[in-house]
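Asker: coordinates for the following, if possible.
(2 chains)
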Amino acid sequence: MFCSCSADYFGKEPNTHTCPVCLALPGALPYINEEAINDCIKIGLALNCTVADKSLFERKNYFYPDLPKGYQISQYRWPLTVNGWIEVVGQDGKTKKIRINRAHQEEDTGKLTHKDSNTLIDFNRSGVPLVEIVTEPDFSDTTQIVDYAKKLQQIFRYLEVSNADMERGDMRLEANISVRPVGQTTLPNYRVELKNINSFRFMMAAVEYEIKRQIAALEKGERLQQETRGWNEDKKETFLQRVKEEANDYRYFPEPDLPKLKISENQINQIKSELPELPVQKSVRFQKEFGLRLDQILVLIESSELSEFYERAVEVGRSHHIDPKIIANFIINRKINIEETAPTEIIEQILESKAGIVEDPGQIEGLAAEVISENPQIAADFKKGKETALQALIGAGMKKRKGKVSVEILKSTLENLLQKE
Amino acid sequence: MGNDITKLTLTETLKLLEEKKVSTAELNKAYLERIEKYNPQLNAYLYVNHDNEKIPAAIKDVISTKGFPTTASSKILEGFIPPYDATVITNLESQGVRAIGKTNCDEFAMGGSGENSAYGATKNPWDQTKVTGGSSGGSAAAVASDLCVFALGSDTGGSIRQPSSLTGIVGLKPSYGRVSRYGLIAMASSLDQIGPMTKSVEDAALVLDWISGSDGYDSNCTKEKFSLTPSRWKAGIKRLKVGVPKEYFGEGLDPKVKQVIEDAIKKLEELGAEIVEVSLPHSEYALAAYYIIVPSEVSSNMARFDGIRYGFGREKIGPEVKRRIMLGTYTLSTGYYDEYYAKAAKVRTLIKGDFDKAFEKVDVIVGPVSPTTAWNLGEKVDDPLTMYLADIYTISANLAGIPGLSVPCGFSEGLPVGLQILGKQFDEETILRVGYAYEQATDWRKEKPKL
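Answerer: The predicted model follows:
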């Protein structure tokens, strides 16, 4: 964030991605990485935040061996982007707006490894740009939390600002949990912070466990305290890591080594104009342009690469009059590996499977009539209202022509004939 | 040439080198001989580079030098050899200059007498029972006693100008943002600035030219380098408006020092300058604001010396440094921040406003650097508050970010007195112009201490 060491530290030899700045050698100074600032603004804009008029870095002072300066350069009173929102889907399937308090820029710390009675410090991660996104206390169930986390991850990947890999620690979640009696509108006077949990699934389990634990404790009349807990996957329970007896005094003050951030209207507009189409916008467009179902869309837009692959295939398919819905089904059902397949190949495969397929209405009408007369009992069932009977008739027709017949036309022809009778 | 070459200014030395009348080997030999002879009594150098092949400069020990010990005169960094050079060092290297040694100073530059060094005080070459001033005392003594061609110091509240004044040399604190601080061990990041300590005003201008300019490593140093335009800064001072702030001549100023300064101002008038009285009404609050901002930043800057790296524990940190860490930790604490740090920041804005207003009327402001000449070693060590008062005329320039020059302007009872010349931010040229005109019209620079 404040030097030019590579941020690609994962799995690298310890202390090889370092320089005087990120090692905090005496006399070294931070200098701002403009690209990181732009990325933070991108994230903020993607989360509907506004870029603050006044923004600056502050020093968060505390002692910890992974923090070589003895302070972290962060943002506290003047974050870069503020007041955004994101829509998530909860357990009830309903959409809820989660308010984003801020997306601010800071730097990562080093990494400690405890080995026997020794602690080893790796400063490769020290000073790597870190964006912290803070929501308001708007979540009311764990489905919303997981949906939120997945959507954030997807946005980061769309923006190409991070791999957002949980296992590698590119993306870390911290949930603050407290419970209150039904009907109470004010927030409880404590909160438990769940930290160091490196998967969505574990986070969901930890939050659910924690809600139950807290309700049980309160019902027993216990007083809950401000604390930090981790997740033990073997025991499937949270465990106490640190009690915050009193809030740490971080002695924040404006970072004197760095000037205030000046983000011009032009720069913001420039970044806005360069933002890629985000998942939410893409979803609406796919529905409108291609008439896809939501479940299809969600699969196709999971990554920007897959959605782009799909759109290229649609483009190629257009000259062969192939319905985008057929292409969507083909990609989803056959689980096409987009890294090994070209969009044109998909179209070729679809065309091939369609080769020799009878689409002539006259021929199909003959076939349908044959099928009905050969299966009078099934036809009668359908007329009595048994919807599945139609599938059996279609199946019989397909069998007679060894699959070389258009399912859609056969289906509508059968329906027509049966209704006429 | 013998010992005589050590008396020469940087400008004169460069000329001899260019004319091949002297080699850098001869130059280093001459200076090393003097260092060997006089450093044991003066304690100006903490480390001497015996293998120097370039033009020998003395570098204050708070400036990072690759391969040479850099301790900030503290035991907590004893034996620390940095793996990187400060930007100013890289810049000097490209001009053919290298450290002949690292100079003593107050520990982490915290002090105004040179006595806070963990390696013993530097002694004033003019009278070895006196302090050199600080914190760049070792650099000042090295220049004054011809133990280097020139030196670099750092100035957070007067640490270049005050020892320059007390040892009779030229010291320039550039505008904040003129010289990169990259590699300067931070005391108070928003005030620190590296600058030249030299045998002449022309040397100071030349060294500033060499070390200034943006390097991409100090985000607050965005200015282009300072460039010498001889036709402009050697143009004399006729009709130049010189402001004299009444607040700098009140109680606390030694009458004999006052007399020397007034004579110097008369000299400026003789040279054609127009003397104008100005007011800097918030001067009286500068010291209080300074001693909140400095410890606050110190408490954070010193946090990296947490005992995990560099080989020693925090018990190695000296008393003045500890005092500032404690003061600053307090003034930044929740509940006190607004009352102290935030308020001090406001005072700072007012002081800057004072200068802005004064500089609407005048081109430079002159006055004393220090209220007294060099005092006795040990005299103020037990009274930090009195020690802090020694900075009273110099700290405002740091708070306002403006440049300040100390030029030798006479003696009081055998001890040197410096004239302070303050200018607008990034207008080093005009203060150097005034300093040069004054220096050329007087003979003070020719006086040398008898060792």
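Asker: contacts, neighbours, all on C-alpha from now
Answerer: OK.
Asker: the stretch 201-350 of chain A: strands as residue ranges?
Answerer: A:227-232, A:237-243, A:253-254 (DSSP state E, counting those that start in this stretch).
Asker: right, and the ones you listed - which one's nearest chain B?
Answerer: Nearest to chain B among those is strand A:253-254 (7.3 Å), distances taken as Cα to the nearest Cα.
Asker: so, in contact with chain B or not, the closest one?
Answerer: Yes - contact of strand A:253-254 with chain B (Cα under 8 Å from any Cα of the partner chain) involves A:F253.
Asker: partner strands of that strand and their direction?
Answerer: strand A:58-61 (antiparallel) (DSSP bridges).
Asker: past the strand it pairs with, which element shows up next along the chain?
Answerer: strand A:71-74 (DSSP states H and E).
Asker: is that next one anywhere near chain B?
Answerer: Yes - Strand A:71-74 lies within reach of chain B by Cα under 8 Å from any Cα, at A:Y71.
Asker: now tell me what touches that strand from outside.
Answerer: Here strand A:71-74 makes contact (Cα atoms under 8 Å, 6 or more residues apart in numbering or on different chains) with A:57-63, A:104-107, A:109, A:255, B:300, B:303.
Asker: in these, find the pair that's most separated.
Answerer: Using Cα to Cα, the contacts of strand A:71-74 span at most 24.0 Å, a distance reached by A:H104 and B:A303.
Asker: and those two? Which one has more around it.
Answerer: A:H104 (25 against 18; other Cα atoms under 10 Å in any protein chain shown).
Asker: so is the more buried one in a helix, a strand, or just coil?
Answerer: Using DSSP: H, G, I helix; E, B strand; the rest coil, the structure places A:H104 in strand.
Asker: you'd agree it is up against A:V131?
Answerer: Yes - if you go by Cα atoms under 8 Å, A:H104 and A:V131 touch, sitting 5.5 Å apart.
Asker: list residues touching both of the two?
Answerer: Here A:H104 and A:V131 have A:C40 as joint contacts, going by Cα under 8 Å, 6+ apart.
Asker: the stretch 301-450 of chain B: strands as residue ranges?
Answerer: B:364-368, B:404-412, B:415-423.
Asker: pipe those into TSV and attach mean neighbour count, distance to chain A and mean pLDDT per row.
Answerer: TSV is the format used below for the strands of the stretch 301-450 of chain B (neighbours: other Cα atoms under 10 Å in any protein chain shown; distance: least, Cα to the nearest Cα, whole Å; pLDDT from 0 to 100):
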stretch	mean neighbour count	distance to chain A	mean pLDDT
strand B:364-368	24	27	98
strand B:404-412	28	21	98
strand B:415-423	28	23	98
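Asker: coming back round to it: quick check: which of the strands of the stretch 201-350 of chain A is buried the most?
Answerer: Of all the strands of the stretch 201-350 of chain A, strand A:253-254 carries the top mean neighbour count, a mean of 21, counting by mean count of other Cα atoms under 10 Å in any protein chain shown.
Asker: closest point of chain A to chain B, which residue?
Answerer: Counting by Cα to the nearest Cα, chain A gets nearest to chain B through A:G27 (3.8 Å).
Asker: average pLDDT for the longest helix along chain A?
Answerer: Ranked by residue count, the top helix of chain A under DSSP state H comes out as helix A:200-219. Helix A:200-219 shows a mean pLDDT of 94.
Asker: what's the burial count for residue 311?
Answerer: Just so you know, I chose chain A. A:E311 is flanked by 19 other residues according to other Cα under 10 Å.
Asker: chain B was what I was after
Answerer: 12.
Asker: residues contacting it?
Answerer: B:76-77.
Asker: with chain A as the reference, measure out to it.
Answerer: As judged by Cα to the nearest Cα, to the nearest Å, B:G311 and chain A stand 13 Å apart.
Asker: please report phi then psi for that residue.
Answerer: Phi and psi for B:G311, reported as degrees, to the nearest 10, are phi 90, psi -10.
Asker: for A:M398, see how far away it is.
Answerer: 83 Å (Cα to Cα, to the nearest Å).
Asker: quick one, helices of the stretch 1-150 of chain A?
Answerer: A:34-46, A:142-159 (DSSP state H, counting those that start in this stretch).
Asker: export the ones you listed to TSV and tack on mean neighbour count, mean pLDDT and distance to B:A397?
Answerer: Converted to TSV, these look like this (neighbours: other Cα atoms under 10 Å in any protein chain shown; pLDDT from 0 to 100; distance: least, Cα to Cα, whole Å):
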stretch	mean neighbour count	mean pLDDT	distance to B:A397
helix A:34-46	21	95	31
helix A:142-159	20	95	46
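Asker: how about these in TSV, adding distance to B:L399?
Answerer: Below are the helices of the stretch 1-150 of chain A laid out as TSV (distance: least, Cα to Cα, whole Å):
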stretch	distance to B:L399
helix A:34-46	28
helix A:142-159	43
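Asker: can you tell me which of those comes nearest to B:L253?
Answerer: helix A:34-46 (49.0 Å).
Asker: quick one, the longest helix of chain A and strand A:227-232 angle?
Answerer: Counting by axes from the mean of the first three to the mean of the last three Cα atoms, to 10 degrees, helix A:200-219 points 130 degrees away from the direction of strand A:227-232.
Asker: so what secondary structure elements neighbour helix A:200-219?
Answerer: helix A:142-159, strand A:173-177, strand A:192-197, strand A:237-243 (3 or more Cα pairs under 8 Å, 6 or more residues apart in numbering or on different chains; DSSP states H and E).
Asker: quick one: low-confidence parts of the chain?
Answerer: Assuming you mean chain A. A:245-247, A:355-356, A:421 (pLDDT under 70).
Asker: actually chain B
Answerer: Residues of chain B that meet the cut-off, pLDDT under 70, sit at B:1-3.
Asker: residues touching the most centrally placed residue in it, list them.
Answerer: The centre of chain B sits closest to B:I160, judged by Cα atoms, centre = their mean, with a distance of 0.9 Å. Counting by Cα under 8 Å, 6+ apart, B:I160 makes contact with B:134-136, B:140, B:153-154, B:171-173, B:195, B:197.
Asker: tell me which of these fall in helices.
Answerer: In this view, those that belong to helices under DSSP H are B:A140.
Asker: JSON lines for the contacts of B:I160, including neighbour count and distance to A:G230?
Answerer: Below are the contacts of B:I160 laid out as JSON lines (neighbours: other Cα atoms under 10 Å in any protein chain shown; distance: Cα to Cα, whole Å):
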{"residue": "B:G134", "neighbour count": "37", "distance to A:G230": "52"}
{"residue": "B:S135", "neighbour count": "34", "distance to A:G230": "50"}
{"residue": "B:S136", "neighbour count": "38", "distance to A:G230": "51"}
{"residue": "B:A140", "neighbour count": "44", "distance to A:G230": "57"}
{"residue": "B:G153", "neighbour count": "34", "distance to A:G230": "51"}
{"residue": "B:S154", "neighbour count": "35", "distance to A:G230": "48"}
{"residue": "B:G171", "neighbour count": "35", "distance to A:G230": "58"}
{"residue": "B:L172", "neighbour count": "35", "distance to A:G230": "56"}
{"residue": "B:K173", "neighbour count": "35", "distance to A:G230": "53"}
{"residue": "B:G195", "neighbour count": "29", "distance to A:G230": "52"}
{"residue": "B:M197", "neighbour count": "35", "distance to A:G230": "57"}
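Asker: adding distance to B:E12, write the contacts of B:I160 out as a markdown table.
Answerer: Listed next are these as a markdown table, based on distance: Cα to Cα, whole Å:
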| residue | distance to B:E12 |
| --- | --- |
| B:G134 | 28 |
| B:S135 | 28 |
| B:S136 | 24 |
| B:A140 | 19 |
| B:G153 | 21 |
| B:S154 | 24 |
| B:G171 | 18 |
| B:L172 | 19 |
| B:K173 | 23 |
| B:G195 | 20 |
| B:M197 | 16 |
